[in-house]
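Enquirer: Next input, structure requested:
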Amino acid sequence: MTKLEEARKLTDDAKELNLLIGRSWVALASIYSRFKNESLYKELGFETMSEWLADVGDKGPAQAYSMAATYDKLKESIPESAIAQMTMANARDLSEVPAREITSDMVEAATRLPNNKYRKVLNDAKPGLNLEQRVYKGF
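Expert: Next up is the predicted model:
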């Protein structure tokens, strides 16, 4: 394998892993949703969901509630299997579109594009949405 072939393969691997990591939020969001909506934390002796969250892991209440709200909003109009293919960022952006205006093209794009490209798709489809383009700045 040449260095160019190796670089291309590793790039493809990195893209796939980023999507895999980004998509794992749905399983956690569905748990947060149930605990929030059904107050299941009380069954375990916690007075608040914040106390339960502190015991469970490193997601704070704001992030957990945001995940649950995004999940709850999208599951009203999109199958969970499709939501599970989206990164949290894409799902959050799609949840800004009214449910009746979400198209199959928007859902499909959310399952395959990185967020900076997905925001362009949404902004083109819904000009009034005005999602800011994110620029990755790193090493």
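Enquirer: for the record, mean pLDDT for stretch 39-50?
Expert: For stretch 39-50, mean pLDDT rounds to 96.
Enquirer: Flag every buried residue along stretch 91-111.
Expert: 91, 92, 93, 94, 95, 97, 102, 106, 107, 109, 110, 111 (16 or more other Cβ atoms under 10 Å). The way it works is simple: take the backbone N, C-alpha and C, and place the C-beta from them, glycine included.
Enquirer: How about stretch 69-83?
Expert: The neighbour-count check on stretch 69-83 (16+ other Cβ under 10 Å) flags 69, 70, 71, 72, 73, 74, 75, 78, 82, 83 as buried.
Enquirer: Residue nearest the middle of this structure, spatially speaking?
Expert: A centroid search over the chain (Cα atoms, centre = their mean) returns residue 88, at 1.2 Å, as the residue closest to the centre.
Enquirer: give me every residue that touches the residue lying closest to that one once chain neighbours are set aside.
Expert: Spatial nearest neighbour of residue 88, excluding adjacent residues (Cβ to Cβ, 6 or more residues apart in numbering): residue 25 at 4.1 Å. Counting by Cβ atoms under 8 Å, 6 or more residues apart in numbering, residue 25 makes contact with 67, 87, 88, 91.
Enquirer: list the contacts for the closest residue to residue 100 other than its chain neighbours?
Expert: By the measure of Cβ to Cβ, 6+ apart, the closest residue to residue 100 outside its immediate chain neighbours is residue 77, 7.8 Å from it. By Cβ under 8 Å, 6+ apart, the contact list for residue 77 reads 99, 100, 102.
Enquirer: ok, back up a step: okay, the buried residues of stretch 69-83 in JSON lines with distance to residue 40 next?
Expert: Conversion of these to JSON lines gives the following (distance: Cβ to Cβ, whole Å):
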{"residue": "69", "distance to residue 40": "17"}
{"residue": "70", "distance to residue 40": "19"}
{"residue": "71", "distance to residue 40": "15"}
{"residue": "72", "distance to residue 40": "15"}
{"residue": "73", "distance to residue 40": "20"}
{"residue": "74", "distance to residue 40": "21"}
{"residue": "75", "distance to residue 40": "18"}
{"residue": "78", "distance to residue 40": "24"}
{"residue": "82", "distance to residue 40": "26"}
{"residue": "83", "distance to residue 40": "21"}
